[in-house]
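Student: Please find the sequence and the predicted model below.
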Amino acid sequence: MRLREVRIGMRVKVTRLGSTEGMAVKPKYLQARRLGARGKIMNYIAGHGGDCWWIRHDDGTIGGYGYMEFQRVRSKRRTGERTK
């Protein structure tokens, strides 16, 4: 994903896990990282120049990720929902 495409509230899926060397976050947020996790971008991680982001996983846990580690997930339309 390109950095300029990242938006707070965007639904994403973690597609790769890179190095966490240099990430200044609590260990519990690094341990929560996992491949294939889906969630929503909460905000950028302060002090990382916009390269790292907080993602709240669908199970409620929070992980810190670099913008190159996730991809946007398009919402599926619910059955019976109409489009305008």
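Tutor: That came in fine, so what should we check first? Numbers count the residues shown, from 1 in each chain.
Student: contacting residues around the most centrally placed residue in the chain?
Tutor: The residue lying closest to the centre of the chain (CA atoms, centre = their mean) is Ile55, at 3.9 Å. By CB atoms under 8 Å, 6 or more residues apart in numbering, the residues touching Ile55 are Val12, Val14, Ala37, Gly39, Lys40, Ile41, Met42, Ile62, Gly63, Gly64, Tyr65, Phe70. Quick note: C-beta positions are derived from backbone N, CA and C, even for glycine.
Student: On the three-state scheme, it is what?
Tutor: strand (DSSP: H, G, I helix; E, B strand; the rest coil).
Student: just to revisit the earlier point, mark which of the contacts of Ile55 are buried, thanks.
Tutor: Val12, Val14, Ala37, Gly39, Ile41, Ile62, Gly63, Gly64, Tyr65, Phe70 (16 or more other CB atoms under 10 Å).
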